[in-house]
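Model the following, please.
(4 chains)
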Amino acid sequence: MTTIDTHVGVSTHTTGSSFVASVGQWVTSSDHKKIGRLFIGLSLLYAIAVAVIGALIGFERINPDGAQFFDADAALQLTQLHRHALVFGLLAPLFIGLAIAVVPMQVGARAIALPRLAQLGFWGWALGTDLVLISFIANGGPGGGSSDMVDLYLLGLGLSLAGLLAGAVSVATTVLTSRAPGMGLMDVPAFSWSALMGSVASVLSLPVAIGTVAYLYVDHTYSQTAFGDNKVINTWLGWVYAQPQTFVLIVMALGVLAEIAPVTARTRQPLRPVLLAGIALITTATLGAVTQTAHVLDLSGTTGDKLSSTILFLFFNGLPLLGALVTVAVAMLSFKEGRPGVNASFAFALLGALMLLAGVAGSFVQHIGDAALVGTSFGEGVTAYVVYGGLLAALGGITYWAPKLWGVVLDDKKVLGLAGLGFIGVVLASLPLYVAGFADQPVDAVNDFDYSGPLGLWNVLAGAGSAVIALVVLAYVGLLFAAVRKGAGASDDPWDAHTLEWSIPSPAPADNFAALATVSSSEPLLDVKPSQEVPA
Amino acid sequence: MFTTGSKYFIGLTALSVVATVLYLFLVNPSDLGALALVGLITSAATLSGVSIFTRDSDTETVEQAVDASAGPASASFWPIVVALGAAMVLLGLATEPVVFVLGIAVLVGGGVEWMVQGWSDRASANAAYNSEVRAKVLGGIEYPGLSAVLTIIVAFLFSRIFLAVSKDAATIFFMLVAAVIFALGFVFAARTDLRKKALSVVLPVSIALLAIAGVVSALSGERKQLVDAAREDHFAIEHRECGEEASKYYDKHANNRVPLRKAVIATITVENNEVSAKMIGLDRKVDTITIPRMNSTTVLFRNLDDSERRLVVNLGSAKVGDTDVVEPLGTCTQLTGKGQEQVLTLTIPKPATAEEPFSFTVPGANGEIKLVVP
Amino acid sequence: MDTVSRVKSSRRRILGTLVGIAASATLAGCAQNAPQDTWEPKGPNAEMIHDLDNLVFPIAYVVGIIVLGLALYIFWKFKDRGQEIPVQGHGKPYMEITLTVVPALILSVVGVFTFRTIFDLAETQDTEIVINVTGQQWWWEYDYPVQPEHGINQPIVTSGQLVFPAGTKVLLRETSRDVIHSYWIPALNGKKDAVPGRVHLLRLEANEPGLYAGQCAEFCGLSHANMRMEAIALSKEDFAKWVANQQKAYVPPAAGTVEAEGEAVYIAQCARCHQVNGLKDAQGKPIISAPDEYVYSGAAPNLTALMTRNTFAGAMFDLVNEKCRADVWGAPSEKFGEAYLKGVTEDCLNQKDLRAWLRNAPEMKPMYAEPNLLGPSDGKYRGMPYLALTEDDIDKLVAYLLTLK
Amino acid sequence: MAIIERPDTATVPAVVTPSQAFGVIKRPVASSGWREWLFTVDHKKIGIMYGAVALFFFIVGGVEALLIRLQLAAPDGRILSADQYNQMFTMHGTTMVFLFGMPMAAAFANYFLPLQIGARDVAFPRLNALSLWLLVVGGLILNASWFLGGAADGGWFMYAPNSGPVFSPSNGVDYWVLGLQVAGLASLIGSINLIVTVLNMRAPGMTLMKMPIFTWMILVVQFLLVFSLPVITVALVLLMFQRSYGATFFDVSQGADPLLWQHLFWIFGHPEVYVLILPAFGIISEVLPTFSRKPLFGYPFVVFSGAAIGLVGFGVWAHHMFASGLGPVSVAVFSIATMAIAIPTGVKVFNWLLTMWGGKIWYTTAMKFAIGLVTLFTIGGLSGVTHSVAPSDTQQTDTYYIVAHFHYVLFGGMVFGLFSGFYYWWPKVFGKMLNEKLGSWNFWLMVIGMNMTFGPMHILGLQGQPRRMYVWTEARAGEGFFNLGFWNLIASIGSFILAAGVLFFLINIVHTAKKGKVAPADPWDARTLEWITTNPPKPHNFDRIPVVHHLDEFFHRKYAEDTATHTMKRYATAEEVIKAEEDAADAHIHLPSPSYWPLVLALGIGVLCMGVVYGVPVMVVGAAILVFSVFGWVLEPSTADDSEIDPPSVDGSTKEIAPIG
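Just a heads-up that it's a prediction; the model follows:
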């Protein structure tokens, strides 16, 4: 227990008020909330951009002749960029940022465990992604024509992955080492738990990706023999963009739902261990992806082949689906105990989780060999469901924690409206691609396919869905901006929540907790305000 | 002295050494596995070093009151610098080597700063003392390093501006700049009360101005004469004309040697349209000059006439490379005005022959001085 | 003798007498007829210097004897014989000042004479003949610019022995092709460095025909000790003969003789570096050597009329055998020209050294300490390389060289 | 043993002190053995080590000289090859000037200058140690070349362009350049140190004109060094870049003028002559008065003539270049300036003679050597006047006449002065008297040998034998029994007699160390401050800093003039004077702790230098050591920890005797 109230670094750099000083403050800050907000802000920008690109791709796929807006090179780069930005511009940084911002507060730490590493993580990711962007613009993505820029793409990708890895390491370490006194690992709040799972999985899988990138770079630059030229980069690197690797991060989306649901229902989370197990299940199964073992259900061959194929299929695709279902189900179980009620953050989280379920289920179906969906735009639909579902869930989380991060409570009604609109957008952006997948529309292709007939319609719908999403994100960011500018002071605990972060002022001070309380249960705040608890 | 973490890594190092030795003896000395184990040794040893250096989790030296991991770390500039350095390295790898080298420098510099800051942050509980420790260790490098970098940047920018503007403009402009700097310096020296505030305005503004001017100049390219001059070395030999009129080659190339008068073996004078020569040590005119073979020798040319003249030395002819083309050999001074002098430095490896005598002439003037190389 | 020189000479005689007394004791211990003796001037320039010596050295002797005598007296007189400890006086200013002023006065007298002599020696207005002197590791090249008044109508290049007319004011224009050398004929003048890139002037004049020996005086590398020179003063008539001989046309040896074979060997082995004026190849084109392509400093001695010289290899070796050498060195000045202009005849030739030199020059004269370190000079030779000539070739070459007179 | 003032615990904050928090290496506290010497910052120990190093190199240089004389004893010598001979005379000159002459003067200066001005140490003790180690490193680099492909072969003057990579392709010149830069750095650091010491740390009452004459001469020398060493350093750097990095400062084909080197070298080289000789002048200016029982005659004149020699010495460098073709005007000016320098030098000789005039001369070995200097230097000085006359010099320069001249000046002058100092101060330094009988042998053999070696060289030179020739030929030796061959032989024989004289000195050292007589407190009835302490002095030199009232303070504490008889009467013995000082010992004496860093730093510089020859990786290692040791130097605590000091504090006392320093 301490009463030290000065922190050298904090006190010295909060005085400046000019623009330069404030930029300097953001650039040099090792405050996890600032780092997290940088991650969130930038990835929301990417979200808008990626949705616009998605819309363009959708509209591009109308003409039976192919080329609508772009020539073949540009179209190829555009699809590659779209895919890259969805995963590493949007999904991964958004959740790692959210985790960096929220997790230390949730577990009762005064700072993130490795603040400067997290800081390095952000800048590494941001600059790496910039390099990737540059390479795409200069025709250097996978399959691109400029050899130097392909190098740059690989190097930039490596840097951005390393940045994300650094963020993930910080998050995982925080949960493992910096918990408040008395908080056992099973007492960790659901979101922090999912963050732990997600970041540990990232820590285990991202190095593999980085290694692959390094191999590819060396090979591409110096020999071009081991892996082939840039046309086959996707063969080696495609898995990092694909399911189930992307599930590594959506556990945090489900974690958001699991965090918000009991608060909204004003009850303790029932079957909490099952919930945590469900979350863990997804990542455990997902991790197998890094082995690149074929996990398509293939029912040809001998009985033994069938058996092993089935087991692998069920393990890699079935278990994530099972875990996701369990997680959503147990989270919703709190409504059975508590009182029903809906607010914007819950709506976002729930809708996002549903989208994710659709995506995970889609992934399950996709990997049934007989369905012949591998290599079709069905996969794009899965990715869209997963990424955009994650986006919705993340927006729910941002809405939920906005008081702590920005000191504002967003207008519930407006956000609720956006949630609805977002839901429509995601469904529009994803479902038609499922359909198109059944119609054998090839993945990633843009121009060299006959999109005549109903296919054109599906693609237009998907494009429109992306556009809607872009608008939703834009509107959400606008709302957030307006609220922050207005500076409506949020109360310390607007949601009447359960976890430690709500015991401190809004917005949270730089060092989070003046005093560290010893906790004795999973819902420490409920322990100190028993009167508000709804009787079971 | 050894922290818990470092003990672990030291142990790991030792274990991996043992494992490697056993592996090498018992399993297969040339196997890749040995490589992996050596890698393990290296990384474990590095990590032990790092953890000893950073006093990882060494709570003994830190006052109990503050748990280093509990509070937020101080603001730090270095992570972004390191990230920037890494990005530059990678960008440089793919594009320009110079970016790569700069990136390495930034990376190393940022890394060192980061390490030292991390190390000093744990030196004691007293932040002021810690920053003093940091300053003591790094101050000796930072200030000279930074000022060197600044100096290089300023010098580089200035040079771009110099190269872009014309000679006269450059002279005047920088005389003005120098005057302004001098005046400002004087004011700052005199008005101690103003200094800090004013400096904080004047310095950034002037540096920004300089940067803009430098970048603009660099983009606009070097002034025409310089570009021409750079190209002139590529002048074909037939353009090297030593006539009465101005030569594009010789009259732009000032004689780049400034030999001492001691080394002048002969003086060739043109007066009243007549060429005459005197050799050092002889107090009379000569019509033959003898120059030792294969020895750099200097001849002084003095023009006493009104018109501009140049001294030409004819050194026979030679074949061009392996071809059969024969071209005259020789060189000349720049056009020289009345009463002015120029020198011509010659190193002649081959003697003159009867068929091809060497000589000094002055185009437009009468007379010829024979040049003898024995 | 005109009046001035008589006055000069009488002054010299008086000084000589003075010096004689003081210096005879020392000089008695000196070598007789040392060829490089600085105290036996044989020309006006060296005499000017010697006059100064005759002033300075006696002064030094006298001062030295006074001071050392005083010292000895003090050492004896004030020995500790049990006398009282003296009063602790700190000096006498008048004494001090006197002892400062007296040396200053003496030195200013010396200074005035020095001053005058320096400028006298630097005089070049009345030069009668100019010779370019170029130093190179480790020999000297002399080239005579065209000077019709001396019968020099085409350039003469020679080495080893500087030949010039006696009683004539000769101006040497010194320079160097590589490192700094110093030209020094003690009997005729002091030394003057030959510095690459500069032209330094040194005036020589010999009173009488004769042979004056010298030695490179500035350390110039490995074979510095082997860089000697000889200056040959000839009477004006003899000099004219010498000049005429140097310029005479080249006469190729008759075909079929051993000398002609020697010429072929010469063209094959030597003509790359050593120029012989007038030598023509089989097509009748003049052969112009290109030593700059093979030799570091860029030149090799010109061998036209080699046999008119008495030395070779930078005057390190005699080209004449000992008997003939003694004839030249020992000739009285009136007979000297005759003896010298005889040149090297077959019976006078120093066969031993010349053949050894042709056999393996680097062994005879250190030229590079470590041949493998010649990198910076592009592997060019410093001095004459080992040519791997057969004895047969050497015989032919010697026969041919004997025709170069 | 040193008196250590412990840090006052009351004033040291209890919080972490920087020395602990840095975790840097602590200051060493060696009390015995080799570490006591390696890490010491005590000016006396450093002085002794300087002396040992210099003496070692004196022997090395002497052996080189003997080999040279062996080669030249007869015509066409075969002892050495041309290359070996060139290396030999180059290294003989270099060694004797840079590794014997200067360091030996530095040894005397280091040891006696603080003692003579009543200080406890020099101003910057660690820099002092650095100077020593740099000298050692420089000497090692210079002499390492013998074993690494041949030493420098361009003469100690190393004229360009003969020193360039084309004409001297072995690495010898590179080592020479680097070694001299390092040794020059050592001298420069040392000179700054001594200047600051003299100007700031004199005992109370000691005005500049009450300073002992030896200290004065050392001060003048240090100023000479400060102004001349940068010049040679620049020249050496130019040469280094020319040789190692392709610069063309002396490359004639690139338009350079080789005379640039000569000017740079002699602007340093001429003051260097005075750097070598003035300390010897200072020594005998102490010895002569002591053994004549009279103060120095005309003290102010000697001081000012010393300063004048130093000053004018900067204006006469070109007299080494009279034959270089400077042109008559420069030659005339430098000729006259050179004559001018004879005047203050003459003043010195007269003052020494007049010091003895009316004295009560006690002929100890030290005195004999001092007298030897006076007479031999006079001869050298007079021959010097003969070649200040430029036209004569064109006949004399680069001949053995010059060799004779400067050996009379430097051997008859400098070496005799230093030997005088050995005999005079040996009891002070080691507490034992050098044997006078062996000393007598030493002196007379050296006098005879010296005159036999260098006297004939006058004749050799005037009769036309140039220097730096690895062989001389009989053909140019002249006729008669006394021809040049005879004199060459005599010189060679003389050199071995000379060597025998030096050998007697070495024997004397061993003899004295084994069974030398223990020195009384004041064996010579001396006159200056260094004798107001024990033999050898305590680590802190003086128990109380003496207060000075007179020039020759110590003498005046012993003697006073009897006003009745006007003679000097003794009123106190030396022991009584010293006792009086000890009784009033100072309470707080604080000496710095030893340090590792001067040694490490010097090694780093050495490695850095080798990098010039062996490539960038070596240089990087050297630079790393250098940077590391600079940090160590700056960050190390000012004293060792209290707990480190041996023995530990007793009863919280703040003053201890500790065997350090």
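
check which helix or strand covers whichever residue of the stretch 201-350 of chain B sits closest to chain A.
The minimum distance from the stretch 201-350 of chain B to chain A, using C-beta to the nearest C-beta, falls at B:P204 (9.8 Å). C-beta here means a position set from N, CA and C on the backbone, and glycine is covered the same way. Following DSSP states H and E, one finds B:P204 within helix B:195-220.

Who are the packing partners of that helix?
helix B:127-164, helix B:167-190 (3 or more C-beta pairs under 8 Å, 6 or more residues apart in numbering or on different chains; DSSP states H and E).

hmm, back to that, distance-wise, check the residue of the stretch 201-350 of chain B closest to chain A relative to B:F174.
21 Å (C-beta to C-beta, to the nearest Å).

what's the neighbour count on C:N33?
11 (other C-beta atoms under 10 Å in any protein chain shown).

shouldn't it be in contact with D:G478?
Yes: using C-beta atoms under 8 Å, C:N33 makes contact with D:G478 at a distance of 5.6 Å.

okay, now residue 176: neighbour count?
I went with chain A, as the question did not name one. 15.

The intended chain is chain C.
C:S176, neighbours per other C-beta under 10 Å, totals 30.

try A:G453
A:G453: 10 surrounding residues under other C-beta under 10 Å.

what's the answer for D:Y571, then?
13.

ok, and the closest non-adjacent residue to it?
Nearest in space to D:Y571, with sequence neighbours left out and distances taken as C-beta to C-beta, 6 or more residues apart in numbering or on different chains, is D:A560 at 5.6 Å.

any idea how far the one you found lies from A:G437?
Separation of D:A560 from A:G437 (C-beta to C-beta): 121 Å.

more crowded one of the two?
Neighbour count, other C-beta under 10 Å: between D:A560 and A:G437, A:G437 has more, with 27 against 14.

From chain B, how far out is the more buried one?
With the distance defined as C-beta to the nearest C-beta, to the nearest Å, A:G437 ends up 36 Å from chain B.

Next: C:R177.
Relative to chain B, C:R177 is positioned 5 Å away (C-beta to the nearest C-beta).

can you tell me which residues contact that residue?
Counting by C-beta atoms under 8 Å, 6 or more residues apart in numbering or on different chains, C:R177 makes contact with B:292, B:294-295, C:134-136, C:196, C:297-299.

Return the backbone torsion pair for it.
Dihedral pair for C:R177: phi -100, psi -20, per degrees, to the nearest 10.

Which single residue of the stretch 401-550 of chain D ends up nearest chain C?
Taking C-beta to the nearest C-beta as the measure, the point where the stretch 401-550 of chain D comes nearest chain C is D:G464, at 2.5 Å.

Surely that residue forms part of a strand?
No: under DSSP: H, G, I helix; E, B strand; the rest coil, D:G464 falls outside any strand and is assigned coil.

Surely it is in contact with C:K191?
No: if you go by C-beta under 8 Å, D:G464 and C:K191 don't touch, sitting 10.6 Å apart.

So, low pLDDT: which residues of the chain?
Since you didn't name a chain, this refers to chain A. Scanning chain A for pLDDT under 70 picks out the ranges A:1-17, A:63-68, A:223-232, A:287-295, A:444-448, A:488, A:529-536.

that's the wrong chain, I wanted chain C
Using pLDDT under 70, chain C drops low at C:1-29, C:371-377.

so which strand or helix has the residue of it positioned farthest from its centre?
The outermost residue of chain C, judged against the average C-alpha position, is C:E84 (63.0 Å), by C-alpha atoms, centre = their mean. Secondary structure assignment for C:E84, by DSSP H and E: no helix or strand.

May I have the residues that are in contact with it?
Contacts of C:E84 by C-beta under 8 Å, 6+ apart are D:360, D:567-568.

what's the answer for C:Y400, then?
C:253, C:259-263, C:265-266.

Which ones, among the contacts of C:R177, also lie beside chain D?
C:P196 (C-beta under 8 Å from any C-beta of the partner chain).

Most neighbours of all the contacts of C:R177, which one?
Neighbour-wise, the contacts of C:R177 (other C-beta under 10 Å) top out at C:Q136, 31 neighbours.

Okay, buried residues for stretch D:379-396 please.
D:379-396 (16 or more other C-beta atoms under 10 Å in any protein chain shown).

anything in it near chain C?
Yes: Stretch D:379-396 lies within reach of chain C by C-beta under 8 Å from any C-beta, at D:379, D:382-383, D:385-386, D:388-396.

Could you export those to TSV, including columns for pLDDT?
TSV is the format used below for these (pLDDT from 0 to 100):
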residue	pLDDT
D:I379	93
D:L382	92
D:S383	92
D:V385	91
D:T386	91
D:S388	91
D:V389	92
D:A390	92
D:P391	93
D:S392	93
D:D393	93
D:T394	93
D:Q395	93
D:Q396	93
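
Which ones among those residues map onto helices?
Among those, the members found in helices (DSSP state H) are D:379, D:382-383, D:385-386, D:388, D:390-396.

Of all the residues in stretch B:197-211, which ones are buried?
Buried residues in stretch B:197-211 (16+ other C-beta under 10 Å): B:L210.

where do the helices sit along the stretch 401-550 of chain D?
Applying DSSP state H, counting those that start in this stretch to the stretch 401-550 of chain D gives helices spanning D:416-430, D:436-462, D:484-515.

D:N143: what's it in contact with?
D:N143 touches D:60, D:91, D:95, D:151, D:179, counting by C-beta under 8 Å, 6+ apart.

Okay, helices next: where are they in chain B?
Per DSSP H, chain B carries helices over the ranges B:4-26, B:32-53, B:78-94, B:97-121, B:127-164, B:167-190, B:195-220, B:224-232.

In a markdown table, list these along with mean pLDDT and distance to D:L591.
Shown next, in a markdown table, are the helices of chain B (pLDDT from 0 to 100; distance: least, C-beta to C-beta, whole Å):
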| stretch | mean pLDDT | distance to D:L591 |
| --- | --- | --- |
| helix B:4-26 | 78 | 38 |
| helix B:32-53 | 74 | 34 |
| helix B:78-94 | 89 | 42 |
| helix B:97-121 | 85 | 32 |
| helix B:127-164 | 82 | 25 |
| helix B:167-190 | 83 | 43 |
| helix B:195-220 | 80 | 43 |
| helix B:224-232 | 62 | 64 |
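
If you count residues, where's the longest helix of chain D?
Criterion DSSP H: the longest helix present in chain D is helix D:259-292.

Next secondary structure after it?
Remark: after helix D:259-292, the chain's next helix or strand is helix D:299-313, criterion DSSP H and E.

Which residues belonging to that next one are considered buried?
Applying 16+ other C-beta under 10 Å to helix D:299-313 flags D:299, D:301-303, D:305-313 as buried.

swap in stretch D:168-183?
Neighbour counts using 16+ other C-beta under 10 Å place D:168-183 of stretch D:168-183 among the buried residues.

what two of those have the greatest distance between them?
Largest separation among those by C-beta to C-beta: D:P169 and D:A183, giving 23.8 Å.
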